[in-house]
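Enquirer: need a structure here:
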Amino acid sequence: MTAILESRVSAPTVTVDPYSAQAVERIARGLRTVAQGRVDSPEWVAAARDAWSEFPGELRRALRDYRRDSGRTGALLVRGLPVDEEALPDTPPATNSVQRTATVSAGVLTAVACGLGDPAAFRPEKTGALVQDVIPRPGQEDFQGNAGSVFLTFHTENAFHPHRPDYVMLLCLRADHERVAGLRTACVREVLPLLSDESREALFSHEFVTAAPPSFGSGGADAPHAVLFGAPEDPDLCVDMAATTPLTDRAARALRELQDLFESTAQTVQLVPGDLAVVDNRVAVHGRTAFRPRYDGRDRWLQRTFVLNDLRRSRAHRENDGYVLD
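Expert: Residues are numbered from 1 along each chain as shown. Below you'll find the model as predicted:
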(Lines give C-alpha, C1' and ligand atoms only; values in the text may rest on other atoms or scores of the structure.)
Protein backbone atom coordinates (compact mmCIF):
# COMPACT_ATOMS: atom_id res chain seq x y z
CA MET A 1 0.00 0.00 0.00
CA THR A 2 1.37 3.41 -0.92
CA ALA A 3 0.54 6.94 0.16
CA ILE A 4 0.17 9.14 -2.93
CA LEU A 5 -0.44 12.87 -3.16
CA GLU A 6 -2.68 13.14 -6.22
CA SER A 7 -2.54 16.36 -8.22
CA ARG A 8 -6.29 16.51 -8.73
CA VAL A 9 -6.99 16.22 -4.99
CA SER A 10 -5.06 18.53 -2.70
CA ALA A 11 -5.74 16.43 0.36
CA PRO A 12 -3.27 13.55 0.88
CA THR A 13 -4.62 10.36 -0.65
CA VAL A 14 -3.82 6.89 0.65
CA THR A 15 -4.47 4.15 -1.90
CA VAL A 16 -5.09 0.70 -0.43
CA ASP A 17 -3.79 -2.03 -2.71
CA PRO A 18 -5.99 -5.11 -3.40
CA TYR A 19 -3.98 -7.38 -1.11
CA SER A 20 -4.29 -4.97 1.81
CA ALA A 21 -7.99 -4.46 1.04
CA GLN A 22 -8.53 -8.22 1.28
CA ALA A 23 -6.84 -8.23 4.68
CA VAL A 24 -9.03 -5.35 5.89
CA GLU A 25 -12.16 -7.11 4.63
CA ARG A 26 -11.19 -10.33 6.41
CA ILE A 27 -10.68 -8.44 9.68
CA ALA A 28 -13.96 -6.53 9.31
CA ARG A 29 -15.89 -9.72 8.55
CA GLY A 30 -14.50 -11.25 11.73
CA LEU A 31 -16.34 -8.59 13.74
CA ARG A 32 -19.76 -9.68 12.51
CA THR A 33 -20.15 -12.36 15.18
CA VAL A 34 -18.81 -10.29 18.09
CA ALA A 35 -21.46 -9.23 20.64
CA GLN A 36 -24.08 -10.73 18.33
CA GLY A 37 -23.12 -8.13 15.76
CA ARG A 38 -24.48 -5.20 17.81
CA VAL A 39 -22.51 -2.25 16.43
CA ASP A 40 -23.39 0.12 19.28
CA SER A 41 -22.42 -2.22 22.12
CA PRO A 42 -19.25 -1.48 24.11
CA GLU A 43 -18.08 -5.04 23.47
CA TRP A 44 -18.28 -4.58 19.72
CA VAL A 45 -16.42 -1.26 19.83
CA ALA A 46 -13.73 -2.87 22.00
CA ALA A 47 -13.32 -5.65 19.43
CA ALA A 48 -13.09 -3.05 16.64
CA ARG A 49 -10.37 -1.27 18.63
CA ASP A 50 -8.41 -4.51 18.89
CA ALA A 51 -9.00 -5.15 15.18
CA TRP A 52 -7.44 -1.80 14.29
CA SER A 53 -4.05 -3.10 15.44
CA GLU A 54 -4.33 -5.80 12.75
CA PHE A 55 -4.96 -3.34 9.89
CA PRO A 56 -2.13 -2.91 7.37
CA GLY A 57 0.77 -0.99 8.89
CA GLU A 58 0.97 1.70 6.21
CA LEU A 59 -2.70 2.59 6.69
CA ARG A 60 -2.24 2.81 10.43
CA ARG A 61 0.84 5.00 10.02
CA ALA A 62 -0.98 7.32 7.60
CA LEU A 63 -3.85 7.77 10.08
CA ARG A 64 -1.39 8.24 12.95
CA ASP A 65 0.43 10.98 11.07
CA TYR A 66 -2.85 12.62 10.07
CA ARG A 67 -4.03 12.56 13.68
CA ARG A 68 -0.87 14.41 14.72
CA ASP A 69 -1.09 16.96 11.89
CA SER A 70 -3.99 17.08 9.46
CA GLY A 71 -2.04 19.35 7.13
CA ARG A 72 -2.92 22.36 5.01
CA THR A 73 -6.27 20.96 3.86
CA GLY A 74 -7.42 19.32 7.10
CA ALA A 75 -8.64 16.34 5.08
CA LEU A 76 -7.47 12.85 4.18
CA LEU A 77 -8.79 10.53 1.48
CA VAL A 78 -8.38 6.76 1.73
CA ARG A 79 -9.24 4.87 -1.46
CA GLY A 80 -9.79 1.18 -2.13
CA LEU A 81 -11.32 0.09 1.18
CA PRO A 82 -13.73 -2.87 1.14
CA VAL A 83 -17.45 -2.13 1.50
CA ASP A 84 -18.81 -5.53 0.36
CA GLU A 85 -20.21 -3.79 -2.70
CA GLU A 86 -21.70 -6.88 -4.36
CA ALA A 87 -23.70 -7.77 -1.25
CA LEU A 88 -25.06 -4.27 -0.61
CA PRO A 89 -28.84 -4.08 -0.30
CA ASP A 90 -30.84 -1.24 -1.77
CA THR A 91 -30.05 2.19 -0.42
CA PRO A 92 -32.05 2.36 2.84
CA PRO A 93 -35.39 4.16 2.60
CA ALA A 94 -36.03 4.64 6.31
CA THR A 95 -35.93 8.05 7.98
CA ASN A 96 -32.97 8.44 10.35
CA SER A 97 -31.41 5.36 8.80
CA VAL A 98 -28.56 3.89 10.83
CA GLN A 99 -26.41 0.75 10.83
CA ARG A 100 -27.10 -1.24 13.98
CA THR A 101 -25.94 -4.63 12.69
CA ALA A 102 -22.31 -5.43 11.96
CA THR A 103 -21.28 -5.20 8.31
CA VAL A 104 -17.94 -4.91 6.55
CA SER A 105 -18.37 -1.13 6.17
CA ALA A 106 -19.37 -0.69 9.83
CA GLY A 107 -16.33 -2.68 10.89
CA VAL A 108 -14.02 -0.57 8.74
CA LEU A 109 -15.48 2.72 9.99
CA THR A 110 -15.42 1.79 13.66
CA ALA A 111 -11.91 0.35 13.55
CA VAL A 112 -10.54 3.46 11.84
CA ALA A 113 -12.43 5.63 14.35
CA CYS A 114 -10.63 3.78 17.13
CA GLY A 115 -7.36 4.47 15.37
CA LEU A 116 -8.07 8.20 15.39
CA GLY A 117 -9.57 8.38 18.88
CA ASP A 118 -12.98 7.08 19.97
CA PRO A 119 -16.22 6.78 18.01
CA ALA A 120 -18.97 9.03 19.30
CA ALA A 121 -22.57 9.95 18.55
CA PHE A 122 -25.24 12.35 19.79
CA ARG A 123 -28.47 10.89 21.10
CA PRO A 124 -30.79 13.46 19.43
CA GLU A 125 -29.14 12.81 16.06
CA LYS A 126 -30.10 9.54 14.31
CA THR A 127 -30.94 8.02 17.72
CA GLY A 128 -27.32 8.05 18.81
CA ALA A 129 -26.09 5.37 16.40
CA LEU A 130 -22.32 5.17 15.98
CA VAL A 131 -22.59 4.31 12.28
CA GLN A 132 -25.10 6.48 10.43
CA ASP A 133 -26.42 6.34 6.88
CA VAL A 134 -26.16 9.52 4.83
CA ILE A 135 -28.85 9.17 2.19
CA PRO A 136 -31.25 11.49 0.34
CA ARG A 137 -34.80 11.62 1.67
CA PRO A 138 -37.94 12.28 -0.40
CA GLY A 139 -39.45 15.63 0.50
CA GLN A 140 -36.21 16.84 2.13
CA GLU A 141 -34.32 17.76 -1.01
CA ASP A 142 -33.84 21.39 0.13
CA PHE A 143 -32.78 20.42 3.66
CA GLN A 144 -29.40 21.78 4.76
CA GLY A 145 -28.24 18.49 6.22
CA ASN A 146 -27.37 14.91 5.40
CA ALA A 147 -30.90 14.09 4.16
CA GLY A 148 -30.89 16.81 1.50
CA SER A 149 -29.64 16.73 -2.07
CA VAL A 150 -29.30 20.44 -2.87
CA PHE A 151 -26.04 22.34 -2.51
CA LEU A 152 -24.93 21.91 1.12
CA THR A 153 -23.16 24.96 2.55
CA PHE A 154 -19.86 24.81 4.37
CA HIS A 155 -20.10 23.97 8.05
CA THR A 156 -18.31 22.68 11.09
CA GLU A 157 -20.15 19.51 12.10
CA ASN A 158 -22.42 20.24 15.09
CA ALA A 159 -20.86 23.69 15.37
CA PHE A 160 -23.22 24.66 18.20
CA HIS A 161 -22.14 21.80 20.49
CA PRO A 162 -19.38 22.16 23.14
CA HIS A 163 -18.22 18.62 22.35
CA ARG A 164 -18.52 18.64 18.58
CA PRO A 165 -16.60 15.89 16.76
CA ASP A 166 -12.88 16.23 16.24
CA TYR A 167 -13.15 14.24 13.02
CA VAL A 168 -15.96 13.41 10.61
CA MET A 169 -15.54 10.22 8.60
CA LEU A 170 -17.57 9.53 5.44
CA LEU A 171 -17.32 6.13 3.75
CA CYS A 172 -18.87 5.78 0.29
CA LEU A 173 -20.89 2.61 -0.26
CA ARG A 174 -22.69 3.77 -3.40
CA ALA A 175 -22.20 6.86 -5.58
CA ASP A 176 -25.07 8.91 -6.98
CA HIS A 177 -26.37 7.87 -10.40
CA GLU A 178 -24.60 10.59 -12.39
CA ARG A 179 -21.55 10.62 -10.10
CA VAL A 180 -21.73 14.39 -9.74
CA ALA A 181 -22.15 14.68 -5.96
CA GLY A 182 -18.92 16.10 -4.62
CA LEU A 183 -17.66 16.37 -1.08
CA ARG A 184 -16.33 19.91 -0.66
CA THR A 185 -13.79 20.88 1.99
CA ALA A 186 -12.02 24.11 2.92
CA CYS A 187 -9.46 24.70 5.64
CA VAL A 188 -8.70 27.67 7.86
CA ARG A 189 -4.99 27.05 7.29
CA GLU A 190 -5.48 27.94 3.63
CA VAL A 191 -7.62 31.04 4.16
CA LEU A 192 -5.98 32.58 7.25
CA PRO A 193 -3.14 34.31 5.34
CA LEU A 194 -5.70 35.71 2.87
CA LEU A 195 -7.99 37.34 5.44
CA SER A 196 -7.92 41.09 5.92
CA ASP A 197 -6.72 42.32 9.31
CA GLU A 198 -10.19 43.67 10.12
CA SER A 199 -11.89 40.38 9.33
CA ARG A 200 -9.33 38.37 11.24
CA GLU A 201 -9.88 40.54 14.33
CA ALA A 202 -13.65 40.17 14.03
CA LEU A 203 -13.52 36.41 13.56
CA PHE A 204 -11.44 36.06 16.74
CA SER A 205 -14.09 38.04 18.68
CA HIS A 206 -17.24 36.74 20.36
CA GLU A 207 -19.55 38.37 17.83
CA PHE A 208 -21.37 35.32 16.43
CA VAL A 209 -24.08 32.91 17.52
CA THR A 210 -24.82 29.49 16.05
CA ALA A 211 -28.23 27.89 16.23
CA ALA A 212 -28.74 24.24 17.05
CA PRO A 213 -30.95 22.21 14.72
CA PRO A 214 -34.47 21.42 15.98
CA SER A 215 -33.51 17.77 16.52
CA PHE A 216 -31.21 18.88 19.36
CA GLY A 217 -33.88 20.80 21.24
CA SER A 218 -35.27 24.28 20.84
CA GLY A 219 -33.11 25.22 17.89
CA GLY A 220 -32.19 28.45 19.68
CA ALA A 221 -28.84 30.16 19.38
CA ASP A 222 -25.92 29.39 21.65
CA ALA A 223 -24.02 32.04 23.61
CA PRO A 224 -21.90 34.42 21.53
CA HIS A 225 -18.70 32.80 20.33
CA ALA A 226 -15.73 33.43 18.09
CA VAL A 227 -15.40 31.76 14.70
CA LEU A 228 -11.62 31.51 15.10
CA PHE A 229 -9.95 30.70 18.41
CA GLY A 230 -6.76 29.24 19.84
CA ALA A 231 -3.30 29.88 18.44
CA PRO A 232 -3.36 33.06 16.31
CA GLU A 233 -1.03 31.49 13.74
CA ASP A 234 -2.94 28.17 13.57
CA PRO A 235 -6.44 28.65 15.00
CA ASP A 236 -9.34 26.31 15.35
CA LEU A 237 -12.52 27.04 13.42
CA CYS A 238 -16.19 26.86 14.36
CA VAL A 239 -18.81 28.06 11.90
CA ASP A 240 -21.93 26.94 10.08
CA MET A 241 -22.73 29.14 7.10
CA ALA A 242 -26.39 28.14 7.32
CA ALA A 243 -26.74 28.58 11.09
CA THR A 244 -24.12 31.08 12.29
CA THR A 245 -25.37 34.66 12.65
CA PRO A 246 -23.07 37.70 12.99
CA LEU A 247 -23.99 40.14 15.78
CA THR A 248 -22.17 43.21 14.43
CA ASP A 249 -21.61 44.83 11.06
CA ARG A 250 -17.92 44.01 11.07
CA ALA A 251 -18.73 40.40 11.96
CA ALA A 252 -21.10 40.25 9.00
CA ARG A 253 -18.39 41.57 6.66
CA ALA A 254 -15.88 39.12 8.09
CA LEU A 255 -18.23 36.19 7.65
CA ARG A 256 -18.85 37.13 4.01
CA GLU A 257 -15.11 37.38 3.39
CA LEU A 258 -14.54 34.02 5.05
CA GLN A 259 -17.24 32.44 2.90
CA ASP A 260 -15.70 33.89 -0.26
CA LEU A 261 -12.27 32.56 0.68
CA PHE A 262 -13.71 29.14 1.43
CA GLU A 263 -15.20 29.12 -2.06
CA SER A 264 -11.96 30.20 -3.73
CA THR A 265 -9.80 27.64 -1.91
CA ALA A 266 -12.26 24.73 -1.70
CA GLN A 267 -11.40 21.23 -2.83
CA THR A 268 -14.05 18.90 -4.28
CA VAL A 269 -13.88 15.13 -4.67
CA GLN A 270 -16.50 12.78 -6.09
CA LEU A 271 -16.46 9.81 -3.74
CA VAL A 272 -16.74 6.33 -5.23
CA PRO A 273 -17.41 3.05 -3.40
CA GLY A 274 -14.52 2.25 -1.09
CA ASP A 275 -13.50 5.89 -0.60
CA LEU A 276 -13.18 7.09 2.99
CA ALA A 277 -12.97 10.85 3.51
CA VAL A 278 -11.72 12.07 6.89
CA VAL A 279 -12.26 15.73 7.78
CA ASP A 280 -10.54 17.43 10.71
CA ASN A 281 -13.60 19.18 12.13
CA ARG A 282 -11.44 21.52 14.19
CA VAL A 283 -9.77 23.29 11.26
CA ALA A 284 -11.83 22.38 8.19
CA VAL A 285 -15.41 22.84 7.05
CA HIS A 286 -17.20 20.57 4.62
CA GLY A 287 -20.21 20.66 2.34
CA ARG A 288 -21.55 18.97 -0.80
CA THR A 289 -22.46 19.82 -4.36
CA ALA A 290 -26.03 19.16 -5.50
CA PHE A 291 -27.19 15.90 -7.07
CA ARG A 292 -30.47 14.42 -8.25
CA PRO A 293 -31.78 11.39 -6.34
CA ARG A 294 -34.15 8.96 -8.03
CA TYR A 295 -35.41 7.08 -4.94
CA ASP A 296 -35.07 3.81 -6.80
CA GLY A 297 -32.96 1.92 -4.26
CA ARG A 298 -29.70 2.84 -6.00
CA ASP A 299 -29.21 6.37 -4.70
CA ARG A 300 -26.05 7.75 -3.14
CA TRP A 301 -25.22 6.04 0.14
CA LEU A 302 -22.50 7.11 2.53
CA GLN A 303 -21.94 5.94 6.08
CA ARG A 304 -20.74 8.40 8.69
CA THR A 305 -18.98 8.10 12.03
CA PHE A 306 -17.83 10.86 14.36
CA VAL A 307 -14.58 10.70 16.35
CA LEU A 308 -13.53 12.40 19.58
CA ASN A 309 -9.82 12.65 20.40
CA ASP A 310 -10.41 13.07 24.14
CA LEU A 311 -13.51 11.16 25.17
CA ARG A 312 -12.96 12.02 28.83
CA ARG A 313 -13.81 15.70 28.31
CA SER A 314 -17.44 14.81 27.56
CA ARG A 315 -17.85 12.34 30.44
CA ALA A 316 -20.64 14.36 32.08
CA HIS A 317 -22.65 14.09 28.85
CA ARG A 318 -22.26 10.31 28.43
CA GLU A 319 -24.30 7.80 30.41
CA ASN A 320 -22.29 4.93 31.90
CA ASP A 321 -19.13 6.18 30.17
CA GLY A 322 -20.55 5.06 26.83
CA TYR A 323 -20.03 6.56 23.40
CA VAL A 324 -23.30 8.50 23.07
CA LEU A 325 -23.58 12.12 24.21
CA ASP A 326 -26.91 13.41 25.49
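
Enquirer: Report the residue spans of the stretch 51-200 of the chain with pLDDT below the cut-off.
Expert: 142 (pLDDT under 70).

Enquirer: need the helices for it, in chain order.
Expert: 57-68, 104-116, 188-191, 197-203 (DSSP state H, counting those that start in this stretch).

Enquirer: I'd like to know which of these is closest to residue 234.
Expert: helix 188-191 (6.8 Å; C-beta to C-beta). Heads up, the C-betas are built off the backbone N, CA and C, glycines and all.

Enquirer: List the neighbours of stretch 275-284 that are in contact with it.
Expert: 63, 66, 70, 73-79, 81, 108-109, 112, 116, 156-157, 164-172, 183, 185-189, 234-237, 269, 271, 286 (C-beta atoms under 8 Å, 6 or more residues apart in numbering).

Enquirer: Of the residues you listed, which belong to strands?
Expert: Taking DSSP state E, the ones among those that sit in strands are 75-79, 167-172, 183, 185-187, 236-237, 269, 286.

Enquirer: before we move on, back to that, and the buried ones among the contacts of stretch 275-284, selectable in PyMOL?
Expert: In PyMOL, this line selects whichever of those come out buried by 16 or more other C-beta atoms under 10 Å:
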select buried, resi 63+66+70+73+74+75+76+77+78+79+81+108+109+112+116+156+157+164+165+166+167+168+169+170+171+172+183+185+186+187+188+189+235+236+237+269+271+286
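
Enquirer: picking that back up, which one of the helices of the stretch 51-200 of the chain has the most crowded surroundings?
Expert: Among those, the stretch with the highest mean neighbour count (mean count of other C-beta atoms under 10 Å) is helix 104-116, at a mean of 26.

Enquirer: What helices and strands are in contact with that one?
Expert: For helix 104-116, the packing partners by 3 or more C-beta pairs under 8 Å, 6 or more residues apart in numbering; DSSP states H and E come out as helix 18-30, helix 42-52, helix 57-68, strand 118-122, strand 167-174, strand 276-280, strand 301-308.

Enquirer: okay if I get the ones you listed as CSV plus distance to residue 248?
Expert: CSV is the format used below for the helices and strands packed on helix 104-116 (distance: least, C-beta to C-beta, whole Å):
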stretch, distance to residue 248
helix 18-30, 50
helix 42-52, 44
helix 57-68, 36
strand 118-122, 30
strand 167-174, 30
strand 276-280, 29
strand 301-308, 32
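
Enquirer: Which of those sits closest to residue 133?
Expert: Closest among the helices and strands packed on helix 104-116, once you apply C-beta to C-beta, is strand 301-308, at 6.0 Å.

Enquirer: and the closest one, which strands flank it?
Expert: strand 118-122 (antiparallel), strand 132-134 (antiparallel), strand 167-174 (antiparallel) (DSSP bridges).

Enquirer: Quick one: residues in contact with that strand.
Expert: By C-beta under 8 Å, 6+ apart, strand 301-308 touches 88, 91-92, 99, 105-106, 109-110, 113, 116-122, 130-135, 146, 157, 163, 165-174, 271, 314.

Enquirer: What of stretch 22-40?
Expert: 16, 41, 43-44, 47-48, 51, 54-56, 59, 81-82, 84, 99-108, 110-111, 128-131, 323-324.

Enquirer: Please convert the buried members of these into ChimeraX selection syntax.
Expert: Listed next is the ChimeraX selection for buried residues among the contacts of stretch 22-40, using 16+ other C-beta under 10 Å:
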select :16,41,44,47,48,51,55,56,59,81,82,84,99,102,103,104,105,106,107,108,110,111,128,129,130,131,323,324
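
Enquirer: Give me the distance between stretch 49-61 and the centre of its chain.
Expert: Stretch 49-61 has its C-alpha centroid displaced from the chain centroid by 20 Å (C-alpha atoms, centre = their mean, to the nearest Å).

Enquirer: Equivalent analysis for stretch 194-213, please.
Expert: 23 Å.

Enquirer: From one end of it to the other, what's the distance?
Expert: 31 Å (C-alpha to C-alpha, to the nearest Å).

Enquirer: quick one on the thing from earlier: determine which of the strands paired with strand 301-308 approaches residue 258 most closely.
Expert: Short answer: strand 167-174, nearest of the strands paired with strand 301-308 by C-beta to C-beta, at 19.5 Å.

Enquirer: ok, residue 270 - how many residues close by?
Expert: Neighbours of residue 270 under the rule other C-beta atoms under 10 Å: 16.

Enquirer: That one and residue 182 touch, don't they?
Expert: Yes. Taking C-beta atoms under 8 Å as the definition, residue 270 is a contact partner of residue 182 at 5.1 Å.

Enquirer: residues in contact with residue 325?
Expert: Counting by C-beta under 8 Å, 6+ apart, residue 325 has contacts 120, 121, 122, 123, 161, 163, 314, 317, 318.

Enquirer: ugh, wrong one, residue 54
Expert: Counting by C-beta under 8 Å, 6+ apart, residue 54 has contacts 23, 27.

Enquirer: Distance check, it against residue 197.
Expert: 51 Å (C-beta to C-beta, to the nearest Å).

Enquirer: Which residue, other than its chain neighbours, is closest to residue 189?
Expert: residue 72 (5.1 Å; C-beta to C-beta, 6 or more residues apart in numbering).
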